[in-house]
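[1] show me how the following folds:
(one chain, ligands or ions: 1)
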Amino acid sequence: MRLILFGAPGVGKGTQAKILSSKFHIPHISTGDILRSAVYKKTELGLQAKEIMDRGELVPDDLMLKLIGEVLHDEKTKNGFILDGFPRTIQQAEKLDDLLENLSTKKKLCVIFLSADDELIVRRLSMRRTCSACGNIINLNYIEDPSSCPYCGSKNTFIKRKDDEEDIIRNRLKVFHETTAPVINYYKDNGCVLEVDGTLAVEEVTAKIVEKLEKY
Ligand code: AMP
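    Below you'll find the model as predicted:
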């Protein structure tokens, strides 16, 4: 199975991709996570991407296409994958098609489009934190004790992504509407798009995705 989790930043792509990855035993590829790791390790890609990411803008297509080319030529993605955060431009979508055409398997590509309105996304993202001890992502709105990680119990280990500050979130949403949202029309014209309401509870979103995938 080849899935693309598509939607605005903060709509729940990463959360759903993780769940679906363990359910279907296919790797979750988050281009945002790959870039953040490159920034952390100060690789050449990381050094080029850091400031762009801090501003909430898109890393140039040439860098992203090189990155995704490497990912898709990796053995691990041979039997399928869940892409989270890619493609974000029409050029990326076209290049992805070229890459997949050159790979031997004939698995179908299906896009899961998670929808939510901007104000909900701003509220969600500004309360999003990562536990620096276990790496899990939580939302301060939904946990009882905001100083304690519900996954590993560590105290005061939450960190906020730089691009989860409100002004940057709004810029990321602007970039999404201007540049990334049109990509969905590319897929509507060229293949499978399954739309799911991203404002539902996490388990409900997963159930709807699975139901739609089964029907498809
Ligand atoms: P994410 O974790 O998916 O929200 O991505 C975080 C940031 O990484 C984005 O705001 C972009 O700056 C960069 N990024 C991730 N994926 C892409 C992509 N496919 N194209 C361009 N920039 C990307």
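[2] going forward, measure contacts and count neighbours with C-alpha atoms only.
    Noted.
[3] please, which helix or strand holds the nearest residue to Asp61 once chain neighbours are set aside?
    Nearest non-adjacent residue to Asp61, counting by C-alpha to C-alpha, 6 or more residues apart in numbering: Gln92, 6.7 Å away. Here Gln92, judged by DSSP states H and E, is contained in helix 90-102.
[4] buried residues in stretch 29-48?
    29-31, 35-36, 38-39, 45-46, 48 (16 or more other C-alpha atoms under 10 Å).
[5] mind saving the C-alpha coords of that stretch as PDB?
    Extracted C-alpha coordinates of stretch 29-48, given in PDB (Å, rounded to 0.1, in the frame of the first residue of the first chain):
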ATOM      1  CA  ILE A  29       8.000   8.700   6.100                       C
ATOM      2  CA  SER A  30       7.700  12.200   7.500                       C
ATOM      3  CA  THR A  31       9.700  14.700   5.500                       C
ATOM      4  CA  GLY A  32       9.400  17.200   8.300                       C
ATOM      5  CA  ASP A  33      11.000  14.700  10.800                       C
ATOM      6  CA  ILE A  34      13.800  13.900   8.300                       C
ATOM      7  CA  LEU A  35      14.500  17.600   7.900                       C
ATOM      8  CA  ARG A  36      14.400  18.300  11.700                       C
ATOM      9  CA  SER A  37      16.800  15.400  12.200                       C
ATOM     10  CA  ALA A  38      19.100  16.900   9.500                       C
ATOM     11  CA  VAL A  39      18.900  20.300  11.300                       C
ATOM     12  CA  TYR A  40      19.700  18.700  14.600                       C
ATOM     13  CA  LYS A  41      22.700  16.900  13.100                       C
ATOM     14  CA  LYS A  42      23.800  20.000  11.200                       C
ATOM     15  CA  THR A  43      24.100  18.200   7.900                       C
ATOM     16  CA  GLU A  44      24.400  20.200   4.700                       C
ATOM     17  CA  LEU A  45      20.700  19.700   4.100                       C
ATOM     18  CA  GLY A  46      19.900  20.700   7.700                       C
ATOM     19  CA  LEU A  47      22.000  23.900   7.400                       C
ATOM     20  CA  GLN A  48      20.200  24.800   4.200                       C
END
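[6] chain center to that stretch: distance?
    14 Å (C-alpha atoms, centre = their mean, to the nearest Å).
[7] whether that stretch contacts the ligand - can you check?
    Yes. Counting by C-alpha under 6 Å from any ligand atom, the ligand has neighbours in stretch 29-48: 31-33.
[8] where does the chain come near the ligand, residue by residue?
    Within reach of the ligand by C-alpha under 6 Å from any ligand atom, the chain has these residues: 9, 31-33, 52-53, 56-59, 64, 85-88.
[9] filter those residues down to the buried ones.
    Among those, those classed as buried by 16+ other C-alpha under 10 Å are 9, 31, 53, 56-59, 64, 85-88.
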